[in-house]
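K.L.:
Sequence plus the predicted model coming up.
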Amino acid sequence: MIKTQIPNAGHYIKSETGSISRDKIEFTGGEFMPGEVYGVVSGQAVKLDFAASDGSELAKGVCYAYVDASEADKEQVVTTRLTEVNLNALTLPDGYTAPNLASVKAELAKNFVIVRG
């Protein structure tokens with residue numbers, strides 16, 4: 001049996017302003033990895049979807065630790081403000097483009113989550 005180690009919680013953080021940088025939100029609709037950028041629909045964290053127009057296309061934060069919300073919604077800690085994050089440690093949807101990345105950076109920057117790298 002092959003086991004795959006997922007990234008450690010918070011591995012994407014370069015610097016943050018203590019606990020003020022984090023919140024909790026309910027995740028829905030799948031597994032989320034530490035460092036995964038998410039959107040928000042109806043107050044719940046969802047997979048980022050650049051083709052959507054329901055809010056899931058807008059980056060709202062970064063998942064702090066692994067959460068499996070495949071079968072039931074689950075609350076998890078997230079990074080939402082006053083943080084520097086490492087671009088190379090973020091998880092974005094497959095096939096994202098340079099304009100998609102620019103959108104992620106701009107949306108996160110609205111709350112002073114700065115993407116470096």
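P.N.:
Arrived safely, thanks for sending.

K.L.:
now stretch 42-49: how far from the chain's centre is it?
P.N.:
Distance of stretch 42-49 from the chain centroid (Cα atoms, centre = their mean, to the nearest Å) equals 10 Å.

K.L.:
Pairing partners for A69 in the sheet, please.
P.N.:
Applying DSSP bridges to A69 gives these bridge partners: G30.

K.L.:
dump the residue contacts of it.
P.N.:
Listed by Cβ atoms under 8 Å, 6 or more residues apart in numbering, the contact set of A69 reads E26, F27, T28, G29, G30, E31, F32. (C-beta placed from N, C-alpha, C; glycine too.)

K.L.:
doesn't Q44 make contact with the third one?
P.N.:
Yes: under the criterion of Cβ atoms under 8 Å, T28 makes contact with Q44 at 4.6 Å.

K.L.:
who touches both of those two?
P.N.:
Shared contacts of T28 and Q44, counting by Cβ under 8 Å, 6+ apart, come down to D73.

K.L.:
ok, back up a step: just the buried subset of the contacts of A69, please.
P.N.:
By neighbour count, with 16 or more other Cβ atoms under 10 Å, the contacts of A69 hold F27, T28, F32 as buried.

K.L.:
Just send the residues you listed back as CSV, with distance to E16, pLDDT and secondary structure too.
P.N.:
Putting these into CSV (distance: Cβ to Cβ, whole Å; pLDDT from 0 to 100; DSSP: H, G, I helix; E, B strand; the rest coil) gives the following:
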residue, distance to E16, pLDDT, secondary structure
F27, 20, 98, strand
T28, 25, 98, coil
F32, 19, 98, strand
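
K.L.:
want to try TSV for those, with distance to Y38 as columns?
P.N.:
Shown next, in TSV, are these (distance: Cβ to Cβ, whole Å):
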residue	distance to Y38
F27	7
T28	10
F32	7
